[in-house]
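Participant: fold the following, please.
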Amino acid sequence: MSMRRGILFLGLALLFFSPVSLFSQSKQSGPIIKSYGKVWEIEDPTYITNVSKEFRVVFDIMNSPESHSEINKSIETAARFLNMHAQSGVPKENLKVVLVVHNQASKDIINNQAYQKRFAVNNPNEKLVRELIASGAKFVFCGQSSLSRNYPVEETIEGVELALSAMTALIQLQDDGYQLIKF
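Facilitator: Residues are numbered from 1 along each chain as shown. Coordinates of the predicted model:
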């Protein structure tokens, strides 16, 4: 057997017979958002999460996929945030999440009826938005985007709140101790 084959064989054997196989772990959703927000479990992190801390986070959601049938991954990030922290032992009551929605993402929080009228498909985000709201997350819609993009608040998914502007909501939330996450 050549040296090269021997090294390859040894590498494959270590990969497949290692007690921590790369293929043994899979992403999991839940326990807060069951249908979305799959995350990896991180075993033995060296930067320890303070599970007694209150995590106040505001997501600035402004972009949206071009496809009208594709979920907005920025909205799903909030589900991942909730699930990964809950899976790691942070109590649900310590997770305070707000999504401030504006710009292109405005379409992602309208109800199925309004979405159908505009794009001839159901809103792929409606179930995710409803699950997030049911979990206690808040959606704050920019009033300026509502009018400039012609998405009246009456057409939004039930539970979405209307603000003067995204800028105003982001400032107020940060003043109230919410940490901004923007991707």
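Participant: where do the helices sit along this protein?
Facilitator: Assigned by DSSP state H, the chain shows helices spanning 3-17, 73-87, 112-119, 126-134, 143-148, 166-175.
Participant: the fifth one - what's its average pLDDT?
Facilitator: Pointing back at helix 143-148 there. Mean pLDDT, computed over helix 143-148, is 98.
Participant: would you mark the buried spots in it?
Facilitator: Neighbour-count burial for helix 143-148 flags 143-146 (criterion: 16 or more other Cβ atoms under 10 Å). For every residue, glycine as well, the C-beta is placed using N, CA and C.
Participant: elements contacting that helix?
Facilitator: For helix 143-148, the contact count by 3 or more Cβ pairs under 8 Å, 6 or more residues apart in numbering; DSSP states H and E identifies strand 161-163 as packing neighbours.
Participant: so what touches the strand it packs on?
Facilitator: Contacts with strand 161-163, where a contact means Cβ atoms under 8 Å, 6 or more residues apart in numbering, come from 100, 138-143, 146, 153, 156, 169.
Participant: which of those sit farthest apart?
Facilitator: Checked with Cβ to Cβ, those reach their widest spread between K138 and S146, with 16.2 Å between them.
Participant: contacting residues around A86?
Facilitator: Under the criterion of Cβ under 8 Å, 6+ apart, the contact partners of A86 comprise 30-32, 92, 95.
Participant: one step back: I48: which of the buried residues of helix 143-148 is nearest?
Facilitator: The closest of these to I48 turns out to be S145 (Cβ to Cβ; 39.1 Å).
Participant: isn't V101 up against F139?
Facilitator: Yes - using Cβ atoms under 8 Å, V101 makes contact with F139 at a distance of 6.1 Å.
Participant: which neighbours do those two have in common?
Facilitator: Both V101 and F139 are in contact with 109, 160, where contact means Cβ under 8 Å, 6+ apart.
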